[in-house]
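Chemist: requesting a structural model of the entry that follows:
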Amino acid sequence: MPEAMIRLPKDDIESLKQISRDAGAAILEVYETDFSVDQKDDDSPLTEADRRANAVILNGLEKLSVSYPIISEETKLLPYEDRRLWETFWLVDPLDGTKEFIKRNGEFTVNIALVHQGVPVAGFVYQPVPDVLYFAVEGEGAYRQEGAETAQPLPQRSQSYHEKSEVTVVASRSHQSPEVAAFVKELEEDGKEVTFLSAGSSLKICLVAEGKADVYPRLGPTMEWDTGAAHAIAAAAGCSINRADSGEPLVYNKEDLLNPFFIVE
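Modeler: The predicted model follows:
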């Protein structure tokens, strides 16, 4: 855990909420057009919305009263020897769920996290469709805000899924990987009644954070920028995000930014 808590000025917190929304607005400008889709070197899709949202976020972060280096999915990654000593940095995915964006199903988000000593300590996850913002700052709780309504605190997690007889799992009922199917089978063999919830992008973690689901077994590849913002929100709501193999917490700014398999509960 971080040795000392990072304090984000209140004005910066409000600015980060607005930056998230502004990035979302930039995404929606493209969403409503007949946009084209490019392929990145790793064969993942890239759209003009990714680029515009990234520019909005980078510009906004530069104007905050606090200044930290930035890791963004859409910006060239510095070598590990240059970033390994970063104590605090921004971790950004300007459009998480590009495939969902292309499908136009609304299940995509803007993700901005502040990471301190390898741990996400602030997170902003904005879903432009239907205008919902999740946010959290270490020591100040986690919140969900719909449009211009007053932000509502997320309930603190009080019970592990291990202790429940009915468990809601974030997973597809019909498209489960063998690893997730084995996870669900183990729950059922333990006598638990299992139901499923599905969502795109970092919204999967947010479902657990807001108490709509009990556990999210992520037994497939993700990158640090996919999880950092929602990780901070889930942690502030009393949830844990731990490696599936060792039970140790996820650590950020590794040499390889690929996450290990993990469990959110």
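Chemist: got a pLDDT number for the closest residue to residue 244 other than its chain neighbours?
Modeler: Take residue 244 and drop its neighbours on the chain: the residue closest to it by CB to CB, 6 or more residues apart in numbering is residue 261, 4.0 Å away. All C-beta spots, glycine's among them, are computed from the backbone N, C-alpha and C. You'll see residue 261 listed with a pLDDT of 97.
Chemist: mind checking pLDDT for residue 4?
Modeler: 57.
Chemist: avg pLDDT for stretch 136-155?
Modeler: 96.
Chemist: element containing residue 17?
Modeler: Under the criterion DSSP states H and E, the helix or strand holding residue 17 is helix 10-31.
Chemist: mean confidence score for that helix?
Modeler: So the average pLDDT for helix 10-31 ends up being 97.
Chemist: for stretch 148-166, buried residues please.
Modeler: 154, 157, 161 (16 or more other CB atoms under 10 Å).
Chemist: okay, now the domains of this structure?
Modeler: 10-153, 161-264 (automatic domain parsing).
Chemist: export stretch 18-27 to PDB, keeping only CA atoms.
Modeler: Extracted C-alpha coordinates of stretch 18-27, given in PDB (Å, rounded to 0.1, in the frame of the first residue of the first chain):
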ATOM      1  CA  GLN A  18     -15.100  17.800 -16.300                       C
ATOM      2  CA  ILE A  19     -12.100  16.500 -18.300                       C
ATOM      3  CA  SER A  20     -13.800  13.100 -18.300                       C
ATOM      4  CA  ARG A  21     -17.000  14.500 -19.600                       C
ATOM      5  CA  ASP A  22     -15.200  16.700 -22.200                       C
ATOM      6  CA  ALA A  23     -13.400  13.600 -23.500                       C
ATOM      7  CA  GLY A  24     -16.800  11.800 -23.600                       C
ATOM      8  CA  ALA A  25     -18.300  14.700 -25.600                       C
ATOM      9  CA  ALA A  26     -15.400  14.400 -28.100                       C
ATOM     10  CA  ILE A  27     -16.100  10.700 -28.400                       C
END
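Chemist: rewinding a little: from the buried residues of stretch 148-166, pick the one nearest residue 233.
Modeler: Of all those, residue 154 has the smallest distance to residue 233: 7.5 Å, by CB to CB.
Chemist: that closest one and residue 207 touch, don't they?
Modeler: No: Residue 154 is beyond contact range of residue 207, at 11.0 Å (criterion: CB atoms under 8 Å).
Chemist: rewinding a little: quickly note the distance from the residue nearest to residue 244 to residue 219.
Modeler: Distance of residue 261 to residue 219, given as CB to CB, to the nearest Å: 5 Å.
Chemist: looking at these two, which one has more neighbours?
Modeler: residue 219 (18 against 14; other CB atoms under 10 Å).
Chemist: tell me the contacts of that one?
Modeler: 177, 179-180, 183, 244, 261 (CB atoms under 8 Å, 6 or more residues apart in numbering).
Chemist: report the two of those residues separated the most.
Modeler: Counting by CB to CB, the most remote pair of the contacts of residue 219 is 177 and 244, 12.2 Å apart.
Chemist: please enumerate the helices of this protein.
Modeler: 10-31, 48-62, 80-83, 98-103, 178-189, 203-209, 224-236 (DSSP state H).
Chemist: can I get the ones you listed in CSV including distance to residue 69?
Modeler: Listed next are the helices of the chain as CSV, based on distance: least, CB to CB, whole Å:
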stretch, distance to residue 69
helix 10-31, 16
helix 48-62, 10
helix 80-83, 7
helix 98-103, 24
helix 178-189, 34
helix 203-209, 24
helix 224-236, 14
